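*Asks:* pasting a predicted model and its sequence here:
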Amino acid sequence: MKLYNTLTRKKEEFKPIKKDQASFYSCGPTVYNFAHIGNLRTYIFTDILKRSLEYCGYKVKHAMNITDVGHLVSDADEGDDKLEKGAKREGKSVWEIAKFYEKAFFKDTEYLNIINPDKVVRATDTVKDQIKLIEKIVKNGYTYETESALYFDVEKFKDYGKLSGQSLEEKCVCARSEVVEDKEKKCPADFALWMKRIGKHKNHAMHWNSPWGDGFPGWHIECSAISAKALGQPFDIHSGGEDLIGTHHENEIAQSEAAEGRPLAHIWMHTRYLVLDKGKMSKSSGDFITLQSVIDKGFDPLVYRYLCLTAHYRSALKFSWDNLEQAKNAYENLIELVSDAQENPLSISPLAGGRGKYKEDFKDFINDDLDTPKALAILWNMVKDSSVLSKNKLKIIKDFDKVLGLDLIKKARALAKAQSSIPNEIKELAQARNQYRQSHEFEKADEIRLTLAKKGYEVQDKDDSFIIKKLDA
Ligand code: AMP
Ligand code: ZN
């Protein structure tokens, strides 16, 4: 299996640390608001990665954090605390906010058929581990303390910038564009390991005792502490969205290597952004689309999953409602083809048995850095191939769906059930309409369409066939 490693900037053969096992950590959600569909694209990718590793025979150990400690809006340890902003917005406590949005996140991931990580760890439950890790970093001489925080001194870490490929000079220029509020900070790229509960943060709602005073951990330390504790250091794969490369993951690498003198993870994988026509979707600005708004517009959440699979995870994916509508048509057509195969499992054709190469091709594409668009194309070719016995098609679909997670067999069964509950009178009307349509008698066909609508049904045309749908009351 080949995976693209952001750290080495190339596709690499996956060589697990422990034979036949894959240890995998993904950065989890910050629970101060609903996840947006961009965030969810990253978790769909994480799920595809995990399912693909399992498909290829690895036993996967997957861990993820929940960022429930209030962190500051900007990467440069400045600005407002995200959870406190959420609490103020909704008149709740920070703890209530975190609990509520964590629950909402897992509801979304369940809708999207995302398998839960084996280990989910809240940052607030691991503050002791974080403090222990910071103590190691202090002991190894990579930190300095100011009146308001304990900082990681990036100039002391010679490999700083190796993940993003940015030099320290470039990093400092980027970081300088943020407002630097702590005058004692030596380099703008230095990042907080511990923030003290003084000055601007004197009323910070979440706080713990530490050797550096009462306060709260910096944003990055939780992932270093949680991942190493859950999976050991180093582990195989670390993932997140592309925005995490330059700061969060760069800082995780620096602090973990500074503490232990060995890498945190071997392969670093990043999903490109889901973008809107007008640009970035931002959780902190509040201007974003949630999975619930997708559902409210009448889309099955798995249509969104399907849309995500049509793009490679390393390409930006442009979201529009039109794109989603196209994904819906494709997904529904696929389900109908699967349903046809279910209805006629023994449909024999002269070449029954098929070319037999579909499974190999599918695996090859998945093994080539998770090429889901090509894997989907193989699925389509196979489903449409009249030389494959339907019974065999169903077996292959079930196999592919272990990776794709589109619930194709289940959805096709539900479709067949819904079709069988349609009264004969309606079926006959729809049949008559289809015949008129095929003989180009469109006026008569439209008349029947109206009659059907009055009776609460809609016909959707598919090439030379159709399906009947009950309209919502
Ligand atoms: P957050 O909840 O803000 O910590 O983000 C959760 C995950 O979503 C992180 O891995 C981010 O990198 C990722 N992410 C944020 N915005 C997007 C986006 N527009 N498209 C894809 N992934 C994103
Ligand atoms: Zn993280």
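*Replies:* Nice, thanks for sending it over. Ligands and ions are numbered 1, 2, ... in the order given.
*Asks:* residues of the stretch 151-300 of the chain that sit close to ligand 1?
*Replies:* Contact residues (Cβ under 6 Å from any ligand atom) of the stretch 151-300 of the chain with ligand 1: 240-241, 243-244, 271, 273-274, 281, 283. All C-beta atoms are positioned from the backbone trio N, CA, C, and that covers glycine.
*Asks:* got a winner among those for most neighbours?
*Replies:* Of all those, T271 has the most neighbours under the rule other Cβ atoms under 10 Å, reaching 29 neighbours.
*Asks:* where does the stretch 201-350 of the chain get nearest to ligand 1, residue-wise?
*Replies:* Minimum separation of the stretch 201-350 of the chain from ligand 1 (Cβ to the nearest ligand atom) falls at G241, amounting to 2.1 Å.
*Asks:* quick one, phi/psi of that residue?
*Replies:* G241 adopts backbone torsions of phi -80, psi 160, taken as degrees, to the nearest 10.
*Asks:* would you agree it is in contact with H270?
*Replies:* Yes. Counting by Cβ atoms under 8 Å, H270 is a contact partner of G241 at 6.5 Å.
*Asks:* residue contacts, N333?
*Replies:* By Cβ atoms under 8 Å, 6 or more residues apart in numbering, the contact list for N333 reads K462.
*Asks:* got the confidence number for it?
*Replies:* pLDDT recorded at N333 is 93.
*Asks:* related to what we said a few turns ago, which of the residues of the stretch 151-300 of the chain next to ligand 1 fall in strands?
*Replies:* 240-241, 271, 274 (DSSP state E).
*Asks:* nearest to S26 among these?
*Replies:* Among those, G240 lies closest to S26 (Cβ to Cβ), at 6.5 Å.
*Asks:* mind checking how far the nearest residue to the closest one once chain neighbours are set aside is from I245?
*Replies:* Counting by Cβ to Cβ, 6 or more residues apart in numbering, G240 lies nearest to C27, which is 4.1 Å off, once chain neighbours are set aside. As judged by Cβ to Cβ, to the nearest Å, C27 and I245 stand 11 Å apart.
*Asks:* could you do N39 as well?
*Replies:* Taking Cβ to Cβ, one finds N39 at 16 Å from I245.
*Asks:* higher neighbour count, these two?
*Replies:* Using other Cβ under 10 Å, the more surrounded residue of N39 and I245 is N39, with 24 against 18.
*Asks:* could I get the pLDDT score of A63?
*Replies:* Per the predicted model, pLDDT is 98 at A63.
*Asks:* how about the helix or strand where it lies and ligand 2, touching?
*Replies:* According to DSSP states H and E, A63 maps onto strand 59-66. No. Interface with ligand 2: strand 59-66 contributes nothing (Cβ under 5 Å from the ion), its closest point being 6.2 Å away.
*Asks:* what sits up against that strand?
*Replies:* 20-29, 31, 46, 50, 53-54, 98, 102, 105, 117-123, 222-223, 226-227, 230-231.
*Asks:* give me the contact list for whichever helix or strand comes after that strand.
*Replies:* As assigned by DSSP H and E, the chain's next helix or strand after strand 59-66 is helix 82-90. Helix 82-90 is contacted by residues 30-33, 68-73, 92-94, 96-98, 101, 204-206, 284 when judged by Cβ under 8 Å, 6+ apart.
*Asks:* residue contacts, the closest residue to ligand 2 within the stretch 301-450 of the chain?
*Replies:* Closest contact between the stretch 301-450 of the chain and ligand 2, by Cβ to the ion, is at Y313 (17.6 Å). The neighbourhood of Y313, defined by Cβ under 8 Å, 6+ apart, consists of 45, 48, 271-272, 370, 372.
*Asks:* tally of neighbours for the nearest residue to G199 once chain neighbours are set aside?
*Replies:* Spatially, and ignoring its direct neighbours in sequence, G199 is nearest to S148 (5.5 Å; Cβ to Cβ, 6+ apart). By other Cβ under 10 Å, 22 other residues sit near S148.
*Asks:* same question, the one 10 residues further on
*Replies:* Applying other Cβ under 10 Å, we find 9 residues neighbouring K158.
*Asks:* that one belongs to a helix?
*Replies:* No. Counting by DSSP: H, G, I helix; E, B strand; the rest coil, K158 falls outside a helix, being coil.
*Asks:* give me the helix or strand of the protein that scores worst on average pLDDT.
*Replies:* The weakest-scoring helix or strand in the chain, judged by mean pLDDT, DSSP states H and E, is helix 168-176 (a mean of 72).
*Asks:* is the helix or strand that comes right after that one in proximity to ligand 2?
*Replies:* Beyond helix 168-176 in the direction of the C-terminus, DSSP H and E gives the next helix or strand as strand 191-196. No. Figure legend: strand 191-196 not in contact with ligand 2 (Cβ under 5 Å from the ion); closest approach 13.0 Å.
*Asks:* for strand 191-196, packing partners?
*Replies:* In terms of contacts (3 or more Cβ pairs under 8 Å, 6 or more residues apart in numbering; DSSP states H and E), strand 191-196 is packed against helix 127-139, strand 149-152, strand 215-217.
*Asks:* how far off centre is it?
*Replies:* 29 Å (Cα atoms, centre = their mean, to the nearest Å).
*Asks:* then stretch 209-223?
*Replies:* With Cα atoms, centre = their mean, you get 28 Å for stretch 209-223.
*Asks:* then stretch 361-373?
*Replies:* Centroid displacement of stretch 361-373 relative to its chain, using Cα atoms, centre = their mean, is 18 Å.
*Asks:* and the residue nearest to F106 when sequence neighbours are not counted, how many residues sit next to it?
*Replies:* Spatial nearest neighbour of F106, excluding adjacent residues (Cβ to Cβ, 6+ apart): N116 at 7.2 Å. N116 sits with 12 neighbouring residues when counted by other Cβ under 10 Å.
*Asks:* next one: the one 4 residues further on
*Replies:* With neighbours defined by other Cβ under 10 Å, the count for V120 comes to 16.
*Asks:* what's the offset of the helix or strand harbouring it from the middle of its chain?
*Replies:* In this assignment (DSSP H and E), V120 forms part of strand 119-122. Centroid separation between strand 119-122 and its chain, computed with Cα atoms, centre = their mean, is 16 Å.
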